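In: output the structure for:
(one chain, ligands or ions: 1)
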Amino acid sequence: MNNLSQKRILLGVCGGIAAYKSAELVRRLRADGARVRVVMTAAASEFITARTFQALTGEPVLSDWSDDRTGMDHIELARWADRILIAPATADSLARLAHGRADDLLAAVCLASEAPLMVAPAMNQAMWRHAATRDNVELLRRRGVQICGPADGEQACGEVGPGRMLEPQALLQALSDAFCSARLAGLKVVVTAGPTREPIDPVRFLSNRSSGKMGYAIARAAREAGASVELVSGPVLLDVPPGVQRVRVESGQEMLEAVLERITDCDLFIATAAVADYRPAKPAQQKIKKPVADTSLQLEPVTDILATVAALDHRPFCVGFAAETEQLEQHAQKKRLRKGVELIAANRVGNGRGFESDDNELLLVWEGGTCWLPKDSKARLAHQLIEKVASLYPQRSNKQISSEYHAKHSA
Ligand SMILES: Cc1cc2nc3c(=O)[nH]c(=O)nc-3n(C[C@H](O)[C@H](O)[C@H](O)COP(=O)(O)O)c2cc1C
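Out: A predicted model of the protein is given here:
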């Protein structure tokens, strides 16, 4: 499950130019599995219609007191929400919230709700800098309201300065962080993902069917669990998960170097990349032309990244992946012992399973236990895997344990 899956988000939309961006935010929240209800101020209807939000959420949109059919809809909504985000939050609405007013539906819902409140201010830079707005924002902050942004930059009015609403992606991340399980908070995680390409000549290479989807989902899940995450990725066509640092590589050797550069202060290493086992021993410097005298390809082994990291003096907690076509558990146990790692996640590949698919199934194998994660989306499996890693990773305060763990394994 990702952080936003099934979360009940109440989105308040106020009367500002940035209201059009809220439609995109709703779309992304829904794509991440959140349940979204929208309350608009009367002024917001001048900028975007309720119908847009109704279509995007599949729920009725409340704007005016007359929309409160039972007279208690606003209280019910206030209780329903896991979290309220007002985006855009106008100067006027911030003033109403700061002073505890309930003279419009959105302000009344906020006042009646015990859900945490986040606001994404959006206004002209002079309005944002005004002492009245500063005081209102400070008052809200002191009461525990999370102020998201605003960003600096060019404004709709032509001025430049602070007051731009954060982009939908940044607000999505802020909401996701707010639901973060914090199981890996304070830890540094390095994840490898995707295939590698081992050159035959400047235009040809040996590679494999890995899409990188599992590794990217794991990087995202680790980030959502509060870790700082670096993703060393082979060539794939995937977006960088929010909040994750990505470095792109091509060959297994480049991946090894990128991992070793980042591993010194790393707490967890999760190797999902399908690194080539062998590479052409003598890649041609120029494109190989027909006819070739010798059609055979001389191969040499590629350094095993997981085994190299697991053998380091100051090694992180290591998680490896095993793609197998048969005898899953036996091969996974052997691989775990051979590489000397804490956890192996084994998946069956071939016949449309594993590679390139959005779903997967995993057998987790560690010292003294196994656990079957039945077929599910890679996003949900990634969260379950991270939960397991968090439970196996030595508990207590993060960095301290990490140094104890390193000390133990380097002894
Ligand atoms: C074209 C136009 C754009 C506006 N943009 C903003 C804005 O970005 N931020 C803001 O605080 N107010 C803006 N206002 C003023 C608000 O719409 C006005 O203060 C209104 O009372 C806000 O009501 P609400 O907070 O209930 O939505 C704008 C007004 C107009 C006419």
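In: which strand or helix spans the residue in the stretch 301-411 of the chain that the ligand sits nearest to?
Out: Using Cβ to the nearest ligand atom, the single residue of the stretch 301-411 of the chain nearest to the ligand is residue 379, 34.7 Å away. (C-beta placed from N, C-alpha, C; glycine too.) Assigned by DSSP states H and E, residue 379 belongs to helix 378-392.
In: for residue 96, same thing?
Out: Applying DSSP H and E, one finds residue 96 within helix 91-98.
In: show me what that helix is packed up against.
Out: strand 83-89, helix 105-112, strand 117-121, helix 131-142 (3 or more Cβ pairs under 8 Å, 6 or more residues apart in numbering; DSSP states H and E).
In: touching the ligand at all, stretch 60-74?
Out: No. Judged by Cβ under 6 Å from any ligand atom, stretch 60-74 and the ligand are separated, with a smallest distance of 10.2 Å.
In: using PDB, list the CA coordinates for that stretch.
Out: Output of stretch 60-74 as PDB, limited to C-alpha atoms (Å, rounded to 0.1, in the frame of the first residue of the first chain):
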ATOM      1  CA  PRO A  60     -20.600  15.700  -4.800                       C
ATOM      2  CA  VAL A  61     -18.800  19.000  -4.200                       C
ATOM      3  CA  LEU A  62     -19.900  21.300  -1.500                       C
ATOM      4  CA  SER A  63     -19.500  25.000  -1.900                       C
ATOM      5  CA  ASP A  64     -22.500  26.800  -0.400                       C
ATOM      6  CA  TRP A  65     -24.500  26.300   2.800                       C
ATOM      7  CA  SER A  66     -27.400  25.300   0.500                       C
ATOM      8  CA  ASP A  67     -25.200  22.300  -0.600                       C
ATOM      9  CA  ASP A  68     -25.400  21.000   3.000                       C
ATOM     10  CA  ARG A  69     -28.600  19.000   2.400                       C
ATOM     11  CA  THR A  70     -29.000  17.400   5.800                       C
ATOM     12  CA  GLY A  71     -27.600  20.400   7.700                       C
ATOM     13  CA  MET A  72     -25.000  18.100   9.100                       C
ATOM     14  CA  ASP A  73     -23.100  17.400   5.900                       C
ATOM     15  CA  HIS A  74     -20.300  19.800   7.000                       C
END
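In: what's in contact with that stretch?
Out: By Cβ atoms under 8 Å, 6 or more residues apart in numbering, the list of residues contacting stretch 60-74 from outside reads 37-42, 44-45, 50-51, 53-54, 76-77, 105, 108-109, 112.
In: one more: stretch 15-22?
Out: 11, 13, 38, 41-48, 53, 87-88, 90, 92, 122-123, 156, 164-165, 167-168.
In: one more time with 7 Å, if that's ok
Out: With contact meaning Cβ atoms under 7 Å, 6 or more residues apart in numbering, stretch 15-22 is reached by 11, 13, 41, 43-44, 46-48, 87-88, 90, 122-123, 156, 165, 168.
In: and for stretch 197-204?
Out: For stretch 197-204, contacts defined as Cβ under 7 Å, 6+ apart pick out 205-207, 235, 250-252, 276, 279-280, 283-284, 286-288, 297, 302.
In: for stretch 239-251, same thing?
Out: Here stretch 239-251 has contacts from 169, 172-173, 196-199, 216, 219-220, 223, 229-235, 255, 258, using Cβ under 7 Å, 6+ apart.
In: check stretch 293-313 too.
Out: Contacts for stretch 293-313 (Cβ under 7 Å, 6+ apart): 192, 198, 200, 252-253, 255-256, 259, 263, 269, 271, 275-282, 315, 318, 320, 339-341, 410.
In: what's the PyMOL line that selects buried ones from those?
Out: Per 16 or more other Cβ atoms under 10 Å, the buried members of the contacts of stretch 293-313 correspond to this PyMOL selection:
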select buried, resi 192+198+200+252+253+255+256+259+263+269+271+275+276+279+280+315+318+320+339+341
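In: tell me the angle the strand or helix carrying residue 36 makes with strand 83-89.
Out: Following DSSP H and E, one finds residue 36 within strand 35-40. With axes from the mean of the first three to the mean of the last three Cα atoms, to 10 degrees defining the directions, strand 35-40 sits at 40 degrees from strand 83-89.
In: who touches strand 35-40?
Out: So strand 35-40 is contacted by 6-13, 26, 29-30, 50, 53, 57, 59, 61-63, 77, 80, 105-106, 109 (Cβ under 7 Å, 6+ apart).
In: 8 Å - rerun?
Out: For strand 35-40, the external contacting residues (Cβ under 8 Å, 6+ apart) are 6-14, 22, 26, 29-30, 48, 50, 53-54, 56-57, 59, 61-63, 77, 80-81, 105-106, 109.
In: return the set of buried residues in that strand.
Out: Under 16+ other Cβ under 10 Å, the buried positions of strand 35-40 are 35, 36, 37, 38, 39, 40.
In: so residue 226 makes contact with residue 185?
Out: Yes. Counting by Cβ atoms under 8 Å, residue 226 touches residue 185, with 3.4 Å between them.
In: pretty sure residue 93 is touching residue 105, no?
Out: No. Using Cβ under 8 Å, residue 93 makes no contact with residue 105, being 11.6 Å away.
In: any common contacting residues for those two?
Out: What both residue 93 and residue 105 touch, as defined by Cβ under 8 Å, 6+ apart, is the set residue 41.
In: between these two, which one's more packed in?
Out: residue 93 (27 against 23; other Cβ atoms under 10 Å).
In: next one: the closest residue in space to that one that isn't next to it in sequence from the ligand, what distance?
Out: Using Cβ to Cβ, 6 or more residues apart in numbering and skipping residues adjacent in sequence, the residue nearest residue 93 is residue 14, 4.6 Å away. Distance of residue 14 to the ligand, given as Cβ to the nearest ligand atom, to the nearest Å: 3 Å.
In: fine by me, we can end here.
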